[in-house]
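Participant: coords please:
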Amino acid sequence: MKKIILLFLVLMLIPIVSAKPSEIETSIYVLNLGKFDVSTGSFTADFYVSMKCDKCEIGDFEFMNGRATSVDKIIDEKNEKFYRIQANLNSPVNLKEFPFDTQEMQIIVEDKTKDINEIVYVPKLKESGFDESITFTGWNINGFDAKVDEHKYEVYDSVYSRYMFTVSISRIALNSFMKTFLPVFFILLVVLFSFILDPDKITTRLGMAGSSLVATVMFHISISNQIPPVGYLTFADKFMVLTYFILFGIFAMNILLLEMLERKQNETVERLHRRTEYSVFIIVPLLYLLLFLIF
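Facilitator: Coordinates of the predicted model:
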C-alpha cells in the first residue's frame, strides 16, 4: 500500500509537458515579378519555396492571398521540400502617399490542415531574397522581409502559423514628380507672372487666373483616373486642393482689384499691386514647402 501511495505522489510531482509543435524552416527566393496592378493589388510571381524540418513530416501548404498556377517539385522528401512555383497573388494597396507611395507585395503561406499546436514556420532569412536581375518597370525594389504571424479563425476556434514574405516597392520619385506636379507648377508660374502686369491689365490677369483654374481641375481629373477610387485623400489630392485654394485666392484678389478700379480707388489698387507684385513668388512656394514637410 505504501508503494502505491509513493508511486502516486511521484506521478503527481512530475509536470505534464505538452509536446512542442514542429518547427519548419521556410525560405522564399523570388525569380521574377509580374506587373503590379494598383487598382486591385494583384501581381504574378515566380519563386522558389524551401521547407526543412529535422524530425517531422512536412505537410501540404497553400497561399492565403492567391493561388498557384504551377507547382514543380524539385525536392520531395519527408523532412525537406523544395518547389518552384508560379502564382497569381494580391496584396492590400495603400495610396495615401500617391504618387510617392510604397507598396508591399506579399506571399503568404499557411498549412492546409495543421494548426499552431502541430507546426510553426520559422523564417530563414539567409536563404531568402530576390534575384538582382528583376526589372520592375516604374517601380524601385527596396528590399524584402520575412516573418511569421499567427492567424486565428474565430469560427473554428483554431490558430494557424503563417509565413509572410514581403517585397517592398516604391515609385520612382523623379518620374512621379515630373508627371504629376511639374505641369501644375508651370500653370501656377504663368498665373504668378501675371501679377507683374499693371493694374490696368486686370481683365487680362483675371482671364489668366480663370483659365488656369479650369486647366488645373481637368489635370486633377486625369491624375485621379490613374488610381482606383479610395475613401481618403492621397498626397496628390492634398496638393491639388492647395492649388485650388491658391488659384481661387488669386482669382478673388483680381475680382477685388477690378471692383476697386470701377470705384476709382486707384491709390488703394496701386498699393495692393506693389505689395503683391513680387511677394506672391515667396508666399506660394512657402505654402507648397509646408505641404511637403507636413504631409
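Participant: center of the chain, which residue is that?
Facilitator: By C-alpha atoms, centre = their mean, the mean C-alpha position of the chain lies nearest to residue 103, the distance being 3.3 Å.
Participant: what's near enough to touch that residue?
Facilitator: 36, 38, 41, 91, 93, 94, 139, 168, 169, 170 (C-beta atoms under 8 Å, 6 or more residues apart in numbering). The way it works is simple: take the backbone N, C-alpha and C, and place the C-beta from them, glycine included.
Participant: Now the third one, what are its backbone angles?
Facilitator: With angles defined as degrees, to the nearest 10, residue 41 shows backbone torsions of phi 80, psi 10.
Participant: shouldn't it be in contact with residue 94?
Facilitator: No - using C-beta atoms under 8 Å, residue 41 makes no contact with residue 94, being 9.5 Å away.
Participant: follow-up on the earlier one: model confidence at the residue nearest to the centre of the chain, what's the number?
Facilitator: Per-residue pLDDT puts residue 103 at 95.
Participant: Now do it against residue 150, distance only.
Facilitator: 24 Å (C-beta to C-beta, to the nearest Å).
Participant: again with residue 260
Facilitator: 69 Å.
Participant: more crowded one of these two?
Facilitator: A direct count of neighbours by other C-beta atoms under 10 Å for residue 260 and residue 150 places residue 260 higher, at 17 against 11.
Participant: helix or strand for the more buried one, which one?
Facilitator: Take DSSP states H and E as the rule and residue 260 turns out to sit in helix 235-262.
Participant: Tell me which other helices or strands the helix or strand that comes right after that helix touches.
Facilitator: Using DSSP H and E, the helix or strand that follows helix 235-262 in sequence is helix 266-276. Judged by 3 or more C-beta pairs under 8 Å, 6 or more residues apart in numbering; DSSP states H and E, helix 266-276 is in contact with helix 235-262.
Participant: about what we covered before: identify each buried residue in the strand or helix carrying the residue nearest to the centre of the chain, please.
Facilitator: In the assignment (DSSP H and E), residue 103 maps to strand 102-111. Residues 103, 104, 105, 106, 107, 108, 109, 110, 111 are the ones in strand 102-111 that count as buried (16 or more other C-beta atoms under 10 Å).
Participant: Roughly how far does residue 221 sit from residue 237?
Facilitator: In this view, residue 221 and residue 237 are 12 Å apart by C-beta to C-beta.
Participant: The two: who's more crowded?
Facilitator: Neighbours per residue (other C-beta under 10 Å) separate residue 221 from residue 237, with residue 237 holding more: 18 against 10.
Participant: what's next to whichever helix or strand residue 175 is part of, contact-wise?
Facilitator: Per DSSP H and E: residue 175 is located in helix 173-180. Identification of contacts with helix 173-180 by C-beta under 8 Å, 6+ apart yields 99, 100, 138, 223, 236, 239.
Participant: I'd say the fourth one and residue 239 touch.
Facilitator: Pointing back at residue 223 there. No - Residue 223 is beyond contact range of residue 239, at 9.2 Å (criterion: C-beta under 8 Å).
Participant: Please identify the buried residues of stretch 168-175?
Facilitator: Buried residues in stretch 168-175 (16+ other C-beta under 10 Å): 169, 171.
Participant: Also stretch 126-144?
Facilitator: Buried residues in stretch 126-144, defined by neighbour count with 16+ other C-beta under 10 Å: 128, 129, 130, 136, 139, 141, 144.
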